[in-house]
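Peer 1: Task: produce atomic coordinates for the following.
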Amino acid sequence: MRPVLDATDIVRLNAARAREFGRELLLLVVSADNCAGCDRLAEQLRSPAVRSELAGRAYVVLLKAGDLYDGPEGAVRVGAWSLESPGFPTSWAFRLGEDGLTFHALALGPLDEAAPEEDVRGLLDGQSCWVPEAGAVAAQACSGLLCLPLSARNSFHADFVVPLAP
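Peer 2: The predicted model follows:
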């Protein structure tokens, strides 16, 4: 079993900040060191076009899962939920709600090189996106014995809420 990054406290803190700033979405970006795709996504997230799409709607939380070549954490734990990534980078978009975070969309890999702002716009509107090589993989969100597969078959989507109560 791959190690798990417990981000519960970080996510709670940043969800509160996102609410303070009036954001409707929380975007958890999970990357690794020595990962070319992660570096590319970081550049894309800093671009003016992508920042413009994110402004006022999403609060971005960057998480590092360790070194790509030294057993990085394969999942992020938020409370009772484990968000398992098939690779890096993986971005989890959640809608902020009174009871917690409602899963909204998933992005696997960096954004489209030609129009990264379009991928971000789609992600914020609830449309998952993935690089072509991720089409054959699956991510999953698990809480206890319940595991929800996220794959190209279901457009990398599932209905679940991650409670954030202390």
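
Peer 1: for the chain, what are the low-confidence residue spans?
Peer 2: For the chain, applying pLDDT under 70 flags the ranges 1-2, 166.

Peer 1: need the helices for it, in chain order.
Peer 2: For the chain, the helices identified by DSSP state H occupy 8-20, 36-46, 48-54, 116-124, in order along the chain.

Peer 1: Let's check: the centremost residue of the protein is which one?
Peer 2: When the chain is reduced to its mean C-alpha position, the closest residue under Cα atoms, centre = their mean turns out to be W92, at 1.9 Å.

Peer 1: How about that one, nearest residue that isn't a chain neighbour?
Peer 2: Using Cβ to Cβ, 6 or more residues apart in numbering and skipping residues adjacent in sequence, the residue nearest W92 is L28, 4.4 Å away. The way it works is simple: take the backbone N, C-alpha and C, and place the C-beta from them, glycine included.

Peer 1: you'd agree the one you found is up against K64?
Peer 2: No - L28 is beyond contact range of K64, at 11.8 Å (criterion: Cβ atoms under 8 Å).

Peer 1: More neighbours: which of the two?
Peer 2: L28 (22 against 16; other Cβ atoms under 10 Å).

Peer 1: follow-up on the earlier one: and the helices of the chain, which is most packed in?
Peer 2: For the helices of the chain, average neighbour numbers computed from mean count of other Cβ atoms under 10 Å are highest in helix 116-124, which has a mean of 20.

Peer 1: What helices and strands are in contact with that helix?
Peer 2: Packing partners of helix 116-124 (3 or more Cβ pairs under 8 Å, 6 or more residues apart in numbering; DSSP states H and E): helix 48-54, strand 90-96, strand 100-108, strand 129-130.
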